[in-house]
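Enquirer: The sequence isn't on hand, but the structure is:
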């Protein structure tokens, strides 16, 4: 089979106006960005609000391993298959981050015959959304230091400025810096640093906002610093919210592209799935629901992180009710969860699959806690044996679910027809039972503890007294109703990345808590979480170049 | 008269495809960015290379004052007037920087009835060029520190890393930083800092490159650091040039927009006019020359900085030969040069105009040194008296030039017909005499000294022995043939911003020199030059917001 890039380049893409037309979007509501990308006008989308709503299908996964699971690929394959079987399906996915493309990650537009396009554009600057978020975030940072420099009328405690800066780049040298050195003209020296743009609260805000006005309100709510007596200072206090909203006025419009099979795909927003909620924008998900009958969306990392936040944060805030969940698993990844090393994955090992399936089973059970039916998509790899596949199907069946073999990577939508039919059937026969697993009224720490016990299956969460004191101060300041966003390793249910399978009896230590008052959640950092990645010894960037025909090589 | 923004919003813009069609650009060569902006494909432009070449008209100005001269406004008015009189005119201008819009500067799209549009888009993210430059610049920075972190095989002396980072933001706190603190994982601590994106050598490279291949070669030539024995380390040594070119592959395509009167305008690139050469891209200027009969372009600040660099750097490198120069002057600015305070400018003062006209006259004489005819555009302001205008015209006539009163701000192209007719006539009757004022073979310091004596009319340039030693090392390393780019205050011919008029007898101290080996010039810093602006006490950002109709307010 051809490489991903060869497949993508040989695909005949339709003009984006044709894709939009298929969704009933008129020309006047489309802003083209080149021939194959467009932004859709929010005011036109609002006119579709009363239209019949589509079914919402979340694609999530077992805990990720270096073997790869193919969550985005499966999302695209499922949507293509729904379309292939005559259903009006629309994708609602995240846009990839630029920075990691130059490290090790490669692109994030699917693979094989299940890709969204144009892949180079999407993986690089796309429609400029992340650049706009970077600019809005850093304008706020500049206005904080500028306010202090010119007299500090708000009496910001410069030791308690919590708003850092961001770049869409893997750059470890910027993680921790001393800024404002060099004398009086450069302001008051203090420690600070940069995160990657996807870790910005502005990104989370753009992805959770209902509309432009709600986004501006949330931007104003951002807590950037505290006074000496710990009174929160907001972006609104600095009068930065209006200019930030102006910088984001284009970025908030959802981006429309297509899969290689012509399925419409909204790619919009891409917050981290650890210190943020890891889902595409509410605006794009709603747009897809207003325009399509079946909406396939995904959430970051495994279901313990991505799906939990999709339910407890995104669906709670936006009033969304998912109809079905697809958990992506591979025989290879389950073998790793069963203790096999990456080098030995090509060998058949049914026992290891059975042993590793405990990870899958726990995710099935977890999804069920939210009142949503879960089925399993086995993303086929050529080394998989029939017996291994059967072992996965057996494990799923024993826990009241179904596991369906899918060949969308090799065959496109035609390879995932059984999955599509099954998902569509579940959407019609189930649903309506969704609820988050904790209420707004629970204390912030009890919310953290609930996720730790019920989803991570830990004994409980623990924290230093200073963390409890901080949570208490936020509760007193009126932030106690917010949901929580736990940041922990994606590789394990526990906070130890080496504990694969389905560990129990572990403790979840809450190292630090952060308030995202604009996004509307409290982040609990459990274990080491990197918010600014570094480049590897040999960065992918070294091989990325334009070939003699001006085509991009090395991006994948 | 209406405000700039009211005029801009009431204008009926034509679809960008219509504007392109007027230049003979086929649909297939256009990449639309929304309805009124497009990028033009380089390969199609190359097919127009052999077409008859248009006349090249540079718009420059007297030394800028707080009173404002209106160079961009006059460029637009002149092009509109050329079009108004039946001539095929095309604009080739710089794109504005985002950062300063949130400080004090406001937009940079002209004013009154002489504007390019859509003004909000152009002043904000436009087509993302500056964001791409920021990303390419910072990727190189990340790769330098990453290389050192992983063993430093190239033996970079971390005390001699000269490549800083950039943001398109006014942020004084980032001027000087200590980076890579926080322990082993974050690399080797060292001092560094951020400049504003327009100060990036990547910006200068994009603006001087012939094509994609030349841009990639220049990116590879960038000197980022030195070893302990002072051997230069380039971006090519770090294998960063390919990925940087990929990040810039869209940005290098020129952007097409229109004036309010429908004149096609290429807005592309925007390097600083102090530490860089201050002109729009060579690619856009050539595109305009291939597609139009009269091309109106501009250069930054006054003619001592912008025009000198346009001639000695841009025209030299690109083999361009300008046909005419328009020097913009106002009665108000000449009164300031004649010693009048800003508060008193509304009062008629013919003597002050006469006294200040020495500044204008010197610029006329300087332009003539390059073998190009110069005429003066008096940008009319409602407080101007007939006697003041006559005094300017008299001064110009005494020095063999003509000064023409223009009312394009109030009347659009119809207000600058006399200027257009005169410029067109000069283009036909003069021309062919252009040459830079120094040869490639002169030593680097002698080039600096030549500009200081012949353009700034200083006694001579001076420098510490360490500067001479540095220039000598670069000459030995093969960079001696490069032109020089002097960075000094824009307010005076001298390095003292308070010395208005036409000072003589001053000395030009070269404080520091920097090598821009990719852009192809050596920067000589004379006096205090700010490469990262700060925000003012009350930043414009505080008033910028979206109004109830979703329109941007406060940007101008």
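Expert: Done, it's in. Computed from a predicted model, the values in this text were never measured in an experiment. Numbering: from 1, shown residues only, chains lettered A, B, ... in the order given.

Enquirer: rest of the way, CA atoms for contacts and neighbours
Expert: OK.

Enquirer: got a list of what the spatially most central residue of chain A touches?
Expert: Nearest residue to the geometric centre of chain A (C-alpha atoms, centre = their mean): residue A:278, 2.5 Å. By C-alpha atoms under 8 Å, 6 or more residues apart in numbering or on different chains, residue A:278 lies in contact with A:270, A:271, A:272, A:299, A:300, A:306, A:309, A:310.

Enquirer: Which of the residues you listed fall within helices?
Expert: Cross-referencing the contacts of residue A:278 against helices under DSSP state H gives residue A:309.

Enquirer: Tell me which ones among the contacts of residue A:278 also neighbour chain B, please.
Expert: Residues of the contacts of residue A:278 in contact with chain B (C-alpha under 8 Å from any C-alpha of the partner chain): none.

Enquirer: out of the contacts of residue A:278, who's nearest chain B?
Expert: Chain B lies nearest to residue A:270 out of the contacts of residue A:278, by C-alpha to the nearest C-alpha, at 18.0 Å.

Enquirer: The closest one against residue A:98, yeah?
Expert: No. Residue A:270 is beyond contact range of residue A:98, at 10.9 Å (criterion: C-alpha atoms under 8 Å).

Enquirer: any shared contact partners between these two?
Expert: Here residue A:270 and residue A:98 have no joint contacts, going by C-alpha under 8 Å, 6+ apart.

Enquirer: can you count the residues close to residue A:469?
Expert: Neighbours of residue A:469 under the rule other C-alpha atoms under 10 Å in any protein chain shown: 11.

Enquirer: avg pLDDT for the helix or strand hosting it?
Expert: Applying DSSP states H and E as the criterion places residue A:469 in helix A:465-474. For helix A:465-474, mean pLDDT is 97.

Enquirer: for stretch A:87-105, same thing?
Expert: Average pLDDT, stretch A:87-105: 91.

Enquirer: Repeat that for stretch A:428-441.
Expert: Mean predicted confidence for stretch A:428-441 is 91.

Enquirer: can you tell me the distance between the two ends of it?
Expert: Distance between the two ends of stretch A:428-441: 33 Å, counting by C-alpha to C-alpha, to the nearest Å.

Enquirer: Quick one: residues contacting residue A:87.
Expert: Residue A:87 neighbours (C-alpha under 8 Å, 6+ apart): A:293, A:294.

Enquirer: Please report how far residue A:548 lies from residue B:213.
Expert: Distance from residue A:548 to residue B:213, counting by C-alpha to C-alpha: 9 Å.

Enquirer: quick one, which of these two is more surrounded?
Expert: Set residue A:548 next to residue B:213 and count neighbours by other C-alpha under 10 Å: residue B:213 wins out with 14 against 8.

Enquirer: you'd agree the more buried one is in a helix?
Expert: Yes. Inclusion of residue B:213 in a helix is indicated when DSSP: H, G, I helix; E, B strand; the rest coil is applied.

Enquirer: what's the spacing between it and residue B:238?
Expert: Distance from residue B:213 to residue B:238, by C-alpha to C-alpha: 18 Å.

Enquirer: likewise residue A:503?
Expert: Shown here: residue A:503 relative to residue B:238, a distance of 44 Å by C-alpha to C-alpha.

Enquirer: Residue A:317 too?
Expert: In terms of C-alpha to C-alpha, residue A:317 sits 46 Å off from residue B:238.

Enquirer: circling back: neighbouring contacts of whatever helix or strand comes next after the helix holding residue A:469?
Expert: Once helix A:465-474 ends, the next helix or strand along the chain (criterion: DSSP H and E) is strand A:484-487. The set of residues external to strand A:484-487 that reach it, using C-alpha under 8 Å, 6+ apart, is A:273-277, A:305, A:309, A:313, A:444, A:447-448, A:521-527, A:529.

Enquirer: Show me these that map onto strands.
Expert: Here DSSP state E is the test, and the contacts of strand A:484-487 give A:521, A:522, A:523, A:524, A:525 as lying in strands.

Enquirer: Give the other helices and strands that the host helix or strand of residue A:160 contacts.
Expert: For residue A:160, the host element (DSSP H and E) is strand A:156-161. Here strand A:156-161 touches strand A:223-227, going by 3 or more C-alpha pairs under 8 Å, 6 or more residues apart in numbering or on different chains; DSSP states H and E.

Enquirer: one step back: can you add neighbour count and pLDDT and give the contacts of residue A:278 back as a markdown table?
Expert: As requested, the contacts of residue A:278 are arranged in a markdown table below (neighbours: other C-alpha atoms under 10 Å in any protein chain shown; pLDDT from 0 to 100):
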| residue | neighbour count | pLDDT |
| --- | --- | --- |
| A:270 | 28 | 95 |
| A:271 | 30 | 94 |
| A:272 | 24 | 92 |
| A:299 | 29 | 95 |
| A:300 | 29 | 90 |
| A:306 | 24 | 96 |
| A:309 | 27 | 98 |
| A:310 | 26 | 98 |
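
Enquirer: who's in contact with the residue lying closest to residue A:407 once chain neighbours are set aside?
Expert: Computed as C-alpha to C-alpha, 6 or more residues apart in numbering or on different chains, the closest residue to residue A:407 that is not its neighbour in sequence is residue A:415, at 4.3 Å. Neighbouring residues of residue A:415 by C-alpha under 8 Å, 6+ apart: A:77, A:81, A:406, A:407, A:408, A:409.

Enquirer: Select from these every entry located in strands.
Expert: Cross-referencing the contacts of residue A:415 against strands under DSSP E gives residue A:406.

Enquirer: Include neighbour count and pLDDT when you put the contacts of residue A:415 into TSV, please.
Expert: Shown next, in TSV, are those (neighbours: other C-alpha under 10 Å; pLDDT from 0 to 100):
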residue	neighbour count	pLDDT
A:77	38	98
A:81	26	98
A:406	27	97
A:407	23	97
A:408	27	97
A:409	24	95
